[in-house]
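Novice: Have a look at this prediction, sequence included:
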Amino acid sequence: MIYQLVYVSRAAPELDGAALEAMLATARRNNAKTNVTGMLLHHGDSFIQVLEGGESAVERLFNHISNDPRHSVENVMLRTIQEKRAYDSLWMGYKRTEPGLHV
């Protein structure tokens, strides 16, 4: 069984392409260490992110994310238990839904 958390956040004005790229690289390294997988979708200044793994690891990560000044968490959409991972091979997938930066 896998714990899954989905939230929506809004980027801070100073979160530019270079900062986002660095944030993703750090997330991928750290997620690999804690066995957390997921996906980050980016549209305009909004993000929706799915995190999945052990409940304590995901909640610890979400607590860290919630305190990150580069964005503000607007809403937790879902906390659930799933039979298997949706993003089994993605330490942190990323997709921008509009033309522009693709990391």
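Specialist: Arrived safely, thanks for sending.
Novice: And the helix or strand encompassing residue 32, what does it pack against?
Specialist: For residue 32, the host element (DSSP states H and E) is helix 17-34. The elements that helix 17-34 packs onto, with contact taken as 3 or more Cβ pairs under 8 Å, 6 or more residues apart in numbering; DSSP states H and E, are strand 37-43, helix 55-66. Quick note: C-beta positions are derived from backbone N, CA and C, even for glycine.
Novice: Pick the most deeply packed of the ones you listed.
Specialist: Comparing the helices and strands packed on helix 17-34 by mean neighbour count (mean count of other Cβ atoms under 10 Å), strand 37-43 ranks first with a mean of 19.
Novice: what's that one in contact with?
Specialist: Contacts with strand 37-43, where a contact means Cβ atoms under 8 Å, 6 or more residues apart in numbering, come from 20, 24, 27, 31, 47-53, 85-98.
Novice: Please narrow the residues you listed to those residing in strands.
Specialist: Applying DSSP state E to these, the entries found in strands are 47-53, 93-96.
Novice: Quick one: buried ones out of those?
Specialist: Buried residues within the ones in strands among the contacts of strand 37-43, counting neighbours by 16 or more other Cβ atoms under 10 Å: 47-53, 93-94.
Novice: Looking at these, which two lie furthest apart in space?
Specialist: Among those, the pair separated by the greatest distance (Cβ to Cβ) is 47 and 53, at 18.6 Å.
Novice: Surely residue 8 is within a strand?
Specialist: Yes - according to DSSP: H, G, I helix; E, B strand; the rest coil, residue 8 belongs to a strand.
Novice: just to revisit the earlier point, ok, which of the helices and strands packed on helix 17-34 comes nearest residue 15?
Specialist: With Cβ to Cβ as the criterion, residue 15 lies closest to strand 37-43 of those, at 10.0 Å.
Novice: So in that sheet, which strands flank that closest one, and in what orientation?
Specialist: Take DSSP bridges as the rule and strand 37-43 pairs in its sheet with strand 46-53 (antiparallel), strand 93-96 (parallel).
Novice: can you list these in TSV and add distance to residue 73 and mean pLDDT?
Specialist: As requested, these are exported to TSV (distance: least, Cβ to Cβ, whole Å; pLDDT from 0 to 100):
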stretch	distance to residue 73	mean pLDDT
strand 46-53	9	95
strand 93-96	18	90
